[in-house]
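Colleague: can't give you the sequence, but here's the structure:
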């Protein structure tokens with residue numbers, strides 16, 4: 001899960017002027033830590049399971065895209081090898 005944090009950063013290194021900038025933190029797991037809900041083991045396990053399922057789904061989608069790219073590249077390679085074989089036959 002990602003979180004949006006507000007941080008103060010210098011506009012240019014070496015200058016004293018600063019401004020607030022929104023920074024996205026990717027990959028941080030933000031589990032509840034305060035209150036009765038956070039102390040409930042069942043809720044914590046459920047929250048962690050939901051977070052883990054979301055991360056798993058993102059990984060599955062990434063793998064699916066990579067497999068599609070691989071299949072496309074294999075098709076292109078097969079076409080090039082076919083053209084190469086044809087050009088070698090004609091020589």
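Modeller: Happy to help now that I have it. It should be emphasised that the depicted structure is a prediction, and the values quoted were computed from it without experimental measurement.
Colleague: now the strands for this structure?
Modeller: With DSSP state E as the criterion, the chain has strands at 3-10, 18-25.
Colleague: mean confidence score for the last one?
Modeller: The one in question is strand 18-25. For strand 18-25, mean pLDDT rounds to 50.
Colleague: Might you list the low-confidence residue ranges for the protein?
Modeller: By pLDDT under 70, the weakly predicted segments of the chain are 1-38.
Colleague: This structure: helices as residue ranges?
Modeller: Along the chain, the segments classed as helices by DSSP state H run 35-39, 41-90.
Colleague: okay, those helices in JSON lines with mean neighbour count next?
Modeller: C-beta: built from backbone N, CA, C; applies to glycine. What follows is these, written out as JSON lines (neighbours: other Cβ atoms under 10 Å):
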{"stretch": "helix 35-39", "mean neighbour count": "10"}
{"stretch": "helix 41-90", "mean neighbour count": "10"}
